[in-house]
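In: Below are the sequence and a predicted model; questions follow.
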Amino acid sequence: MTTSEAAAPPALQEGKAADIVYRGPLAEDLEGGAARHAPAVSRMWSNIPEHVRDSFRAPSNIEDSPTTSSPFVMDTVLSKAKQLVASTGLAPSHWKAWGNDMAPYYGGQIPLAPYRKGQTAAYHYPSILVPRRVAHRFPLDMYVDPVFQTGDAAQRIRMKGFTLFPRLQGKTTLLLIFSGQPLSGLWTGLRQWLDSVGQEFNELPRTQVYKLHCEEGWFNRRTHQLTKFHLRRQVDESEIWSTFVYRGKWKWEYEHALHLYNKELPVVLLLDPLGYIRWHAVGLPTSEATQLFRTLARKLANEKKNYT
């Protein structure tokens, strides 16, 4: 055997896609030795803002919840620029920051709980079920991704986005929307609402609870895979298919219909079996808001089926 033959690399064996072995999460790969790298890899997800990570952790009590911090600098600059241009009258009015000067919902015919600057308690909720003829329908073209992720090629199709509207059909739905801000996180605003009304709502006939992460910032939506990575580790196994992330284009129609004008606070939507938003609130739960929700949710769950 010559020296060149001895130094030649071994011939590669032909393989098929079916021969590829997919393992579980990195932290569980004890056999391959990858578990020792899991802490280092977790620290590398620097694209997720620190305040978003904090909002995904479960505090021991409400006083330990994360304090307010700023979103991405670029997203803040873009938001301020839009408001400045809107103030000149050269841009759509919906570019303005939300406030009491916003055009009223439902033509002003249905009174809504007022808002004061700096308020975190629930506001902008009606005292009745909004009639379907004037209620907003959940967007038909809003695609969301489940937080479920896997390396298994056979299961990868289940990770693809889908329109949420068909899943709202046939059941009364409690939809909780959060942005990842300190008071709008899984373990802060959403947890307070679920602790207040979740158990009673689930006891009603034909109901379901969904959670949806929505963030206006362009950079936040472009790093949705990292957001899903952190969310998947925080939600219970039973909630993987009921917790979603929106990563598509931010539309004013979505913001208006789903009441997404204040990303600092969570949004609570009560939808009927046809996908219409019959009650809504923005902010943290209060005794008045939760009592109204219980009464109206019970009424909606027992409402006779009609399509008008």
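Out: Structure's in. What do you need? What you are looking at is a predicted structure, and each value in this text was computed from that prediction instead of being measured.
In: Enumerate the positions of stretch 122-139 that are buried.
Out: Of the residues in stretch 122-139, 122-126, 129-130, 132, 135-136, 138-139 count as buried by neighbour count, 16 or more other C-beta atoms under 10 Å. C-beta: built from backbone N, CA, C; applies to glycine.
In: what's the first-to-last distance across it?
Out: The first residue of stretch 122-139 is 24 Å away from its last residue (C-alpha to C-alpha, to the nearest Å).
In: on that earlier part again, ok, the buried residues of stretch 122-139 vs Thr295, which is closest?
Out: Proximity of those to Thr295, judged by C-beta to C-beta, is greatest for Leu129, which lies at 9.6 Å.
In: which element is that closest one on?
Out: Per DSSP states H and E: Leu129 is located in neither a helix nor a strand.
In: Would you check that Leu258 makes contact with Leu269?
Out: Yes. Shown here, Leu258 and Leu269 form a contact pair, counting by C-beta atoms under 8 Å, at 6.8 Å.
In: which neighbours do these two share?
Out: By the contact definition C-beta atoms under 8 Å, 6 or more residues apart in numbering, Leu258 and Leu269 are jointly contacted by 177, 277.
In: wait, isn't Gln109 in contact with Val134?
Out: Yes. Under the criterion of C-beta under 8 Å, Gln109 lies in contact with Val134, with a separation of 7.5 Å.
In: quick one: which of the buried residues of stretch 122-139 is nearest to Pro285?
Out: So of these, ranked by how close each gets to Pro285 (C-beta to C-beta), first place is Ala122, at 5.9 Å.
In: Tell me the pLDDT of the closest one.
Out: Among the per-residue scores, Ala122 holds a pLDDT of 94.
In: where in the stretch 151-300 of the chain is pLDDT low?
Out: Along the stretch 151-300 of the chain, the parts satisfying pLDDT under 70 run over 151-159, 217-230, 232.
In: Now do the helices in it.
Out: Assignment of helices within the stretch 151-300 of the chain using DSSP state H, counting those that start in this stretch yields the ranges 189-193, 199-202, 218-222, 224-234, 252-257, 287-301.
In: closest one to Leu164 among those helices?
Out: Set against Leu164 and scored by C-beta to C-beta, these come closest in helix 252-257, at 11.3 Å.
In: who does that closest one touch, helix- and strand-wise?
Out: Packed against helix 252-257, as judged by 3 or more C-beta pairs under 8 Å, 6 or more residues apart in numbering; DSSP states H and E, are no other helices or strands.
In: Give me the subset of the buried residues of stretch 122-139 that lies in strands.
Out: Among the buried residues of stretch 122-139, the subset assigned to strands under DSSP state E is empty.
In: Show me which of those is closest to Gly180.
Out: Nearest to Gly180 among those, counting by C-beta to C-beta, is Ala122 at 19.4 Å.
In: Identify the residues contacting that closest one.
Out: By C-beta under 8 Å, 6+ apart, the contact set of Ala122 is 113, 268, 281-286, 288-289.
In: Could you single out the nearest of the residues you listed to Ser179?
Out: Distances from these to Ser179 were compared by C-beta to C-beta; the smallest belongs to Val282, at 11.5 Å.
In: For that closest one, grab the count of nearby residues.
Out: The number of residues packed near Val282 is 28, by other C-beta atoms under 10 Å.
In: Buried subset of the contacts of Ala122 as a ChimeraX selection?
Out: Command for ChimeraX, covering only those of the contacts of Ala122 found buried under the criterion 16+ other C-beta under 10 Å:
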select :113,268,281,282,283,284,285,286,289
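In: Leu174 against Gln208, yeah?
Out: Yes. With the criterion set as C-beta under 8 Å, Leu174 and Gln208 qualify as a contacting pair; they are 7.4 Å apart.
In: Tell me which of the two has more neighbours.
Out: Summary of the neighbour comparison: Leu174 and Gln208, criterion other C-beta under 10 Å, with Leu174 having more neighbours (24 against 16).
In: contacting residues around that one?
Out: The contact partners of Leu174, by C-beta under 8 Å, 6+ apart, come to 197-198, 201, 207-210, 268-270, 297.
In: Name the member of the residues you listed with the shortest distance to Pro146.
Out: Compare each of the contacts of Leu174 with Pro146 using C-beta to C-beta and the shortest gap goes to Tyr210, at 10.6 Å.
In: so the closest one sits right up against Thr172, yeah?
Out: No. Taking C-beta under 8 Å as the contact criterion, Tyr210 and Thr172 are not neighbours in contact, 11.6 Å apart.
In: hmm, back to that, in strands, which of the contacts of Leu174 appear?
Out: Counted as lying in strands by DSSP E, out of the contacts of Leu174, are 207-210, 268-270.
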